[in-house]
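1. What follows is a predicted structure for the sequence shown.
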Amino acid sequence: MRDKRNINVCFSPELFPLFSDGKKIVVVVDVLRATSVISTAFQYGIKDVIAIQSLEEATKYKGEENCIVAAERNAEALEGFDYGNSPFQYMNDEIKGKTLVLTTTNGTRAINMAREHIVITSSFVNFNAVCNFIKNREEDVLIFCSGWKGNFNMEDSLFAGKLSDKLLNSDNFQSNCDSALASISLYKSAKDDLFSYLENSAHRNRLKHLNMEPDTRFCLSPTFESDIVPILKNGKLIRHEK
Ligand code: MLT
């Protein structure tokens with residue numbers, strides 16, 4: 001009988017090298033807003049997603065047929081690109097069958113950092129689908145918080161707590177990771193009303209000052225659920241086929 005599978009939580013890309021040994025499932029989370037955008041785009045029919053780290057590289061895709069090129073820095077959409085990083089922009093039929101080329105301040109950096117592993121993206125939009133994906137696999141799990149420019153953030157960390165708690169309450173998982181323990185405590189403190197709990201959090205306030213509170217509300221409490229698990233294959237996020 002195989003030992004129980006380990007769960008670890010990485011609070012920041014700066015800490016990722018501490019967790020990069022062995023082959024594991026890396027669940028990249030950037031609740032506000034990259035992985036929420038990715039889940040929404042797949043739910044509305046995007047074919048695949050290319051997560052790009054630099055603006056220079058993203059610019060090369062401009063004008064490509066059947067491509068939507070989206071760019072965000074410091075929570076703002078950038079001039080000259082098709083879309084930004086608001087989930088509401090992707091709730092339309094225009095994106096069906098297209099490739100999304102996406103570059104954001106934090107989330108796309110984390111996806112690329114983890115590319116040697118089995119990379120999936122998660123948000124509150126596809127939480128249950130991600131739990132089922134993980135339960136049907138055998139590898140250890142690292143929940144990778146995108147944070148903010150290398151710093152800890154509340155929303156990704158409490159999401160990590162929700163996922164850690166869910167998995168540890170099933171038979172096959174264990175954790176001796178204090179980050180996982182801390183994230184679970186954070187989630188348990190927040191779970192009754194995430195939006196209010198994050199009232200003073202850095203990114204909720206960044207988005208508030210940009211009149212983007214609706215984005216925060218949606219990403220924390222989505223109005224729909226997606227059963228799609230985006231998984232990284234040959235440099236692209238595609239929908240995992242069950
Ligand atoms: C992200 O990576 O999701 C961005 O840094 C934050 C945002 O778009 O609000």
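-> Cool, the structure landed.
2. L102 versus the closest residue to Q89 other than its chain neighbours, what's the distance?
-> Closest residue to Q89 in three dimensions, ignoring its sequence neighbours and counting by CB to CB, 6 or more residues apart in numbering: Y83, at 4.9 Å. Quick note: C-beta positions are derived from backbone N, CA and C, even for glycine. Relative to L102, Y83 is positioned 8 Å away (CB to CB, to the nearest Å).
3. Give me the more crowded residue out of the two.
-> A side-by-side neighbour count of Y83 and L102, using other CB atoms under 10 Å, places L102 first with 28 against 21.
4. where does the residue nearest to Q89 fall, phi/psi-wise?
-> In this entry, Y83 is assigned phi and psi values of phi -130, psi 170 (degrees, to the nearest 10).
5. show me what contacts it?
-> When contacts are counted by CB atoms under 8 Å, 6 or more residues apart in numbering, Y83 touches 68-70, 77, 89-90, 100.
6. And the top helix by length along the chain, what does it pack against?
-> Longest helix in the chain by number of residues (criterion: DSSP state H): helix 154-168. With contacts taken as 3 or more CB pairs under 8 Å, 6 or more residues apart in numbering; DSSP states H and E, helix 154-168 sits against strand 5-10, strand 25-29, helix 127-135, strand 141-145, helix 178-190, helix 194-197, helix 202-209.
7. closest one to K166 among these?
-> For the helices and strands packed on helix 154-168, the distance to K166 is smallest for helix 127-135, at 5.5 Å, taking CB to CB.
8. contact partners of the closest one?
-> 25, 27, 120, 122, 141, 162-163, 166-167, 170, 172, 225-229, 240.
9. Could you list the buried residues of it?
-> Judged by neighbour count using 16 or more other CB atoms under 10 Å, the buried positions of helix 127-135 are 127, 129-131, 133-134.
10. Poorly predicted segments of the chain, please.
-> When residues are selected by pLDDT under 70, those of the chain lie in 1-2.
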